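A.B. asks: The sequence isn't on hand, but the structure is:
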């Protein structure tokens, strides 16, 4: 695992905590979903075959988590870019 992916993984867990707070959801389930999504698994696959990793999150919840995580990650990247340019 490269340093970039370690940093990304740490950022994903920060994102997971934020999503869990916003949704009032299970942190371990959200972390599991983000890990599987990061490994390339699709939302339908995770919803059907990886319920144990997501603590039973359904397809709708997984899609919302995926979209929110993407938004928060892109926002963090934009903020870092702006801070770097200042």
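C.D. replies: Here it is on my side, so go on. All values derive from a computational prediction rather than experimental measurement.
A.B. asks: What are the buried residues along the stretch of helix or strand residue 29 belongs to?
C.D. replies: Element membership of residue 29, judged by DSSP states H and E, is helix 27-38. For helix 27-38, the neighbour count (16 or more other Cβ atoms under 10 Å) marks 29, 30, 31, 32, 33, 34, 35, 36, 37 as buried. Any C-beta I mention is one placed from the backbone N, CA and C, and that applies to glycine too.
A.B. asks: What does the pLDDT read for the residue nearest the centre of the chain?
C.D. replies: For the chain, the residue nearest the mean C-alpha position is residue 34 (3.6 Å; Cα atoms, centre = their mean). Turning to residue 34, the model gives it a pLDDT of 95.
A.B. asks: which one of the buried residues of helix 27-38 is nearest residue 47?
C.D. replies: residue 33 (9.3 Å; Cβ to Cβ).
A.B. asks: Setting the sequence-adjacent residues aside, check what's closest to that closest one.
C.D. replies: For residue 33, ignoring the flanking residues on the chain, the nearest one in space by Cβ to Cβ, 6 or more residues apart in numbering is residue 54 at 4.7 Å.
A.B. asks: Same check on residue 68?
C.D. replies: Nearest in space to residue 68, with sequence neighbours left out and distances taken as Cβ to Cβ, 6+ apart, is residue 19 at 5.4 Å.
A.B. asks: quick one: that neighbour and residue 70 touch, right?
C.D. replies: No: using Cβ atoms under 8 Å, residue 19 is not in contact with residue 70; the gap is 11.0 Å.
A.B. asks: So which of the two has more stuff around it?
C.D. replies: residue 19 (21 against 12; other Cβ atoms under 10 Å).
A.B. asks: Thanks a lot, catch you later.
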